[in-house]
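J.: Build me a model from this:
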Amino acid sequence: MTQSERFGIIERMLLSRRGVTFAELQQRLEISRATLHRDLRDLRERMQVPIVCDRDTGTYRIDSSVERYELPGVWFSAGEIHALLSMQQLLAAFDAGGLLAEHVGPLRQRLLGMLESATDSADDIAKRIRILSAAARHYAPQHFQHIAAALMERRRLC
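T.: Numbering: from 1, shown residues only. All right, here's what the predicted structure looks like:
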């Protein structure tokens, strides 16, 4: 089970009842105490989930007095983000005309932001990922966007 899957399960358990014990969380997730402590810390600090521990009952819950929070809908591990950044570099090399740059650029910034919060700065990460293409083929991209849109929308071009 990945960390993102555990985060989702923890959130659902904390929302579903008045409170859940550490032992119940640990048993449901089948993880060590240390891993559960790390997950709870990451949810609080990195994801800003308002988790509180009620010392009297020994239960954890999400603080209902805090304004709305939301976990990200898409989760990637560091390895998956590295793979996506590598694919982005391949796309950038392929996209000499810049047709995809306006769409891929914001995605790249979000991916670098996700990695930066977990590891090093975005600049350091960007410097480490470089893909060199040998004998790259150059093309005239003036019609590419129309063809790609028609393909995705199952339309015929005349």
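
J.: use CA for all of it now, contacts and neighbours both
T.: Fine.

J.: Which segments of this protein make up each domain?
T.: Domain assignment of the chain by automatic domain parsing yields the ranges 3-62, 78-152.

J.: Compare the mean pLDDT across those and name the weakest.
T.: Of all the domains of the chain, mean pLDDT reaches its minimum on domain 78-152 (a mean of 68).

J.: Now do the helices in the chain.
T.: Using DSSP state H, the helices found in the chain span residues 3-16, 22-29, 33-45, 78-94, 101-118, 122-128, 144-152.

J.: Reformat those helices as CSV; add mean neighbour count and distance to residue 64.
T.: CSV is the format used below for the helices of the chain (neighbours: other Cα atoms under 10 Å; distance: least, Cα to Cα, whole Å):
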stretch, mean neighbour count, distance to residue 64
helix 3-16, 16, 9
helix 22-29, 15, 19
helix 33-45, 15, 14
helix 78-94, 16, 31
helix 101-118, 15, 26
helix 122-128, 12, 34
helix 144-152, 12, 43
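
J.: how about these, which one is nearest residue 53?
T.: Nearest to residue 53, of all those, is helix 22-29, at 9.6 Å by Cα to Cα.

J.: Show me what the closest one is packed up against.
T.: Judged by 3 or more Cα pairs under 8 Å, 6 or more residues apart in numbering; DSSP states H and E, helix 22-29 is in contact with helix 3-16, helix 33-45.

J.: So which of the ones you listed is nearest residue 103?
T.: With Cα to Cα, the closest approach to residue 103 among the helices and strands packed on helix 22-29 belongs to helix 3-16: 25.7 Å.
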